[in-house]
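Student: 3D model of this:
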Amino acid sequence: PSLSQASIIYEIPVEGGFTRFLAIFDLEELPENLGPIRSARLYFAEFAEEYKALFVYAGGSPNVLFKLKQGFYKLFNLDEIGWMGKYFFRTNQPSPHNLYIKKESIEKFLVDRKISREAKFKSWLFEKEINEGKEAKKISLVFSPIYNVEWLYDEENKEYQYWQNNRLYKDKNDKEVRVKNLIFQSTKISIIDEIGRKKIILSGQGKALIFQNGKVIEGKWLKEAGRTRFYNQAGREIKLLPGKTWVNIVSEKTAVDY
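Tutor: Here you go, the predicted model:
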């Protein structure tokens, strides 16, 4: 996907030992083509709801489709299957990695459904200069025996650079994904069926690691009043640097090395 243009990216475990991305885009910064669009899960919808977002997906697990249909989440739905492909297109890539949507189609959907272009949600706190925590310039974790990720801190640009399975990651536009804020949110993750679908607890609280400027703050996450926020050990909400943010959702049993 065009991750280099996303404002916030969530990387979340799914079936098969891999992860998927939920990318949050500013409408004014949308790439011309977005994709590949994949199926929804409960945890993707839960995070999308935090932004009162337009949630773009193609089908999904039975439990999330039921809840979306019942209006359980406070968000706007654009489901490729529900709209019979009306706003989407397919490329010549192998299925299921060939479903995309154009920026103009998203804007048309907003007009067609009379949806406001402005999402109303409470922002995180930001500050231009942050120099808190202990040094941490290389971060790695193993999601599964077949998938690991690594983040390297670029001193010159003050950004974190993303690697997958020991290879520098580049998006569909051949651009590196670099972020100012790197967050690891630890929670309970369990397998709920024979397919390997997961239950991920995203309400309540748990441990969190927040990396900025080559340093780490060991704190916690807390979700109440509809938004996940991050705090240091003293209970003060952590301010983030202006720029892109990446949130990794990891199991309590997963070790993050730094």
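Student: Which residue ranges of the stretch 151-258 of the chain form strands?
Tutor: 159-164, 167-168, 178-179, 181-187, 189-191, 198-200, 204-212, 215-224, 227-231, 245-251, 256-257 (DSSP state E, counting those that start in this stretch).
Student: Need those in TSV (columns: distance to residue 69).
Tutor: Yep, even glycine has a C-beta here, placed from its N, CA and C like the rest. Below are the strands of the stretch 151-258 of the chain laid out as TSV (distance: least, C-beta to C-beta, whole Å):
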stretch	distance to residue 69
strand 159-164	34
strand 167-168	39
strand 178-179	34
strand 181-187	26
strand 189-191	25
strand 198-200	20
strand 204-212	26
strand 215-224	24
strand 227-231	24
strand 245-251	25
strand 256-257	36
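Student: Of all those, which one is nearest residue 101?
Tutor: Taking C-beta to C-beta, strand 245-251 is the member of those nearest to residue 101, at 22.4 Å.
Student: Report the mean per-residue pLDDT for the closest one.
Tutor: Averaged over strand 245-251, pLDDT sits at 98.
Student: same check, this time on stretch 71-80
Tutor: For stretch 71-80, mean pLDDT is 94.
Student: can you check stretch 128-144 too?
Tutor: On average, stretch 128-144 scores 93.
Student: cool, and stretch 98-109?
Tutor: On average, stretch 98-109 scores 96.
Student: Would you mind measuring the gap between the ends of it?
Tutor: Length of stretch 98-109, first residue to last, C-alpha to C-alpha, to the nearest Å: 20 Å.
Student: Centre of the chain to that stretch, how far?
Tutor: 19 Å (C-alpha atoms, centre = their mean, to the nearest Å).
Student: Buried residues of that stretch, list them for me.
Tutor: The neighbour-count check on stretch 98-109 (16 or more other C-beta atoms under 10 Å) flags 99-102, 105-106, 109 as buried.
Student: Find the residue closest to residue 63 in space, skipping its chain neighbours.
Tutor: Closest residue to residue 63 apart from its sequence neighbours, by C-beta to C-beta, 6 or more residues apart in numbering: residue 42 at 6.0 Å.
Student: May I have the phi/psi pair for that neighbour?
Tutor: phi -50, psi -40 (degrees, to the nearest 10).
Student: switch to numbering from 21
Tutor: With the count now opening at 21, the last piece we talked about shows up as residue 62.
Student: Near it, how many residues? Count them for me, please.
Tutor: Per other C-beta atoms under 10 Å, the neighbour tally for residue 62 reads 22.
Student: Please consider this matter closed, and thank you.
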